[in-house]
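In: Provided below for reference: sequence and predicted model.
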Amino acid sequence: MASSVALPVAANVAQNHPALAVFASDKGPGDAERSSIMSQAGTLLARHGARIICLADETLDNIPLITSARAAGGEVLIVADAAFQAPAALAEVPVERIDDPEARVKRVGELAQGFVGLPGSLASAAALYRTWVRAGAGAGGKPVVLLNHHRAFEAMRGMATDILSHSVSHAERVVVFTDNVDDLWNKVAWALNVTA
């Protein structure tokens, strides 16, 4: 059962202030810069008016993203299970609670106009993929932009080149890659055709 935290989406607001499901994690082995990257991305996306949606599936692993987006004046929504307890620093962040894991993923896919993958864990990459597929993948018309910092998504870049480019119309706008945080918004705006 979902609590009623709504994100109103007027046509012009949705176009110029897109709702983006952002997937990242600073847990586990990997790039030590992940927390810093999340902070930079949260600030950048919020300054451009993006509304950030985060999936809390058992844990919330993208706290630096959320805190930096909020510090920059951004809007954030967490979609989580009924037992989720937000850390004290995130007490004022709206939480939409949905017990069923599949329904949570579906809800994030419904809310998002696009998806952003930041370097993280295998679990965050899997959650991004699962959510994007539930939203219709390439046929759903919702692009995914991947920050390929230190080649975090290089295998997916190869797959996009070898498979998607031959089977999905406009594949270059469906799965988009950037190698640095500074270019992240440009790629998101281009993929979504955002004018602001």
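Out: Happy to help now that I have it.
In: and the nearest residue to residue 123 once chain neighbours are set aside, what are its phi and psi?
Out: Closest residue to residue 123 apart from its sequence neighbours, by CB to CB, 6 or more residues apart in numbering: residue 25 at 6.4 Å. Any C-beta I mention is one placed from the backbone N, CA and C, and that applies to glycine too. Here is the backbone geometry of residue 25 (degrees, to the nearest 10): phi -160, psi 140.
In: Helix or strand with the lowest mean pLDDT in the chain?
Out: helix 11-16 (a mean of 49; mean pLDDT, DSSP states H and E).
In: give me the low-pLDDT residue ranges for this protein?
Out: Filtered on pLDDT under 70, the chain yields the residue ranges 1-15, 28-31, 163-171, 194-196.
In: The same query, at a cut-off of 80, please.
Out: 1-16, 26-32, 58, 138-139, 156-173, 194-196 (pLDDT under 80).
In: Just want the most central residue of it.
Out: Nearest to the geometric centre of the chain sits residue 22, at 1.5 Å (CA atoms, centre = their mean).
In: Now do it against residue 67, distance only.
Out: Noted for residue 22: a distance of 13 Å to residue 67, by CB to CB, to the nearest Å.
In: Now do the shared contacts for those two.
Out: Common neighbours of residue 22 and residue 67, counting by CB atoms under 8 Å, 6 or more residues apart in numbering, are residue 42.
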